[in-house]
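Enquirer: My questions are about this predicted structure, shown below with the sequence.
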Amino acid sequence: MSTDVEMSILDSGGAETPPPPIQYPDLVNSIALFLANKVKAHDIKFTTTKNPRTHFTALVPVQIPIDAYLFHLMGNVRTSPAVVLYMLIYLERVISAFEKNYQKQNGTDVPFLMTSYNAHRLLLTAFLLAHKYCEDCRYSTIKMARIGGIDPKEMKKLETEFLKFINYRLYVSEEQFEEYRIAVLLFGQELVLSSMA
């Protein structure tokens, strides 16, 4: 398994292995582990690399681990685990858009880092958008802001900013969904196997 923190979940390896059956608790756990590893690695890299400030950047790092924050959202919002996979896809889309925008403005190839300064707001916004897109019974932006621990006015601004950066592209094809689902489950299986070695 690759440890390159700049990669997408799709680049994490294991594509040759046949896909495991859908196991949504494993799916959510694997996404949580992937995000926790990414934020931890990016926090270390952030000490030596400049990261652009965005609307999602907090003044101080959030002390709640990103996986615990995701489980907090899942525990307070009735939603399907598939929403969490949509959230991951949206996160990767917005991070890619931030990188392209930052690199275009500054003429550098510095990656955008998902750190303790911005990960929680990014995750909350992606979760909100995925939930709104996928679920028939939706939570309001105000209620989601309260669950996520931010001001409702800020939540609305973050939602608008996120949508602009991904060009309002919320649709996920069946093929892309399946590609991410397989990559996430294989990532989780590789973590389990490596911890047993």
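Expert: That came through, no problem.

Enquirer: which strands and helices sit next to the helix or strand hosting I44?
Expert: For I44, the host element (DSSP states H and E) is helix 24-46. Other helices and strands packing on helix 24-46, by 3 or more Cβ pairs under 8 Å, 6 or more residues apart in numbering; DSSP states H and E, are helix 66-76, helix 81-106, helix 119-134, helix 174-196. Quick note: C-beta positions are derived from backbone N, CA and C, even for glycine.

Enquirer: Can I get the ones you listed in JSON lines including mean pLDDT, distance to N167 and mean neighbour count?
Expert: Below are these laid out as JSON lines (pLDDT from 0 to 100; distance: least, Cβ to Cβ, whole Å; neighbours: other Cβ atoms under 10 Å):
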{"stretch": "helix 66-76", "mean pLDDT": "93", "distance to N167": "25", "mean neighbour count": "17"}
{"stretch": "helix 81-106", "mean pLDDT": "91", "distance to N167": "8", "mean neighbour count": "19"}
{"stretch": "helix 119-134", "mean pLDDT": "96", "distance to N167": "13", "mean neighbour count": "23"}
{"stretch": "helix 174-196", "mean pLDDT": "86", "distance to N167": "16", "mean neighbour count": "16"}
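
Enquirer: Distance to T47 added to those helices, as JSON lines?
Expert: Output for the helices and strands packed on helix 24-46, formatted as JSON lines (distance: least, Cβ to Cβ, whole Å):
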{"stretch": "helix 66-76", "distance to T47": "18"}
{"stretch": "helix 81-106", "distance to T47": "19"}
{"stretch": "helix 119-134", "distance to T47": "16"}
{"stretch": "helix 174-196", "distance to T47": "25"}
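
Enquirer: Just tell me which of the ones you listed ends up closest to H42.
Expert: Comparing the helices and strands packed on helix 24-46 by their distance to H42 (Cβ to Cβ), the top pick is helix 119-134, with 8.0 Å.

Enquirer: what's the angle between the helix holding I44 and helix 119-134?
Expert: 150 degrees (axes from the mean of the first three to the mean of the last three Cα atoms, to 10 degrees).

Enquirer: Flag every buried residue along helix 24-46.
Expert: 26-43, 46 (16 or more other Cβ atoms under 10 Å).

Enquirer: how close does the closest residue to Y133 other than its chain neighbours get to S194?
Expert: Once flanking residues are discounted, Y133 sits nearest to L170: 4.8 Å by Cβ to Cβ, 6 or more residues apart in numbering. For L170, the distance to S194 equals 34 Å [Cβ to Cβ, to the nearest Å].

Enquirer: What of E179?
Expert: Distance from E179 to S194, by Cβ to Cβ: 22 Å.

Enquirer: One more: L73?
Expert: Distance, L73 to S194, by Cβ to Cβ: 27 Å.

Enquirer: ditto for K153
Expert: 44 Å.

Enquirer: go on, E92?
Expert: Distance from E92 to S194, counting by Cβ to Cβ: 23 Å.

Enquirer: what's the pLDDT at the residue nearest to L122 when sequence neighbours are not counted?
Expert: Closest residue to L122 apart from its sequence neighbours, by Cβ to Cβ, 6+ apart: F56 at 5.1 Å. pLDDT recorded at F56 is 94.
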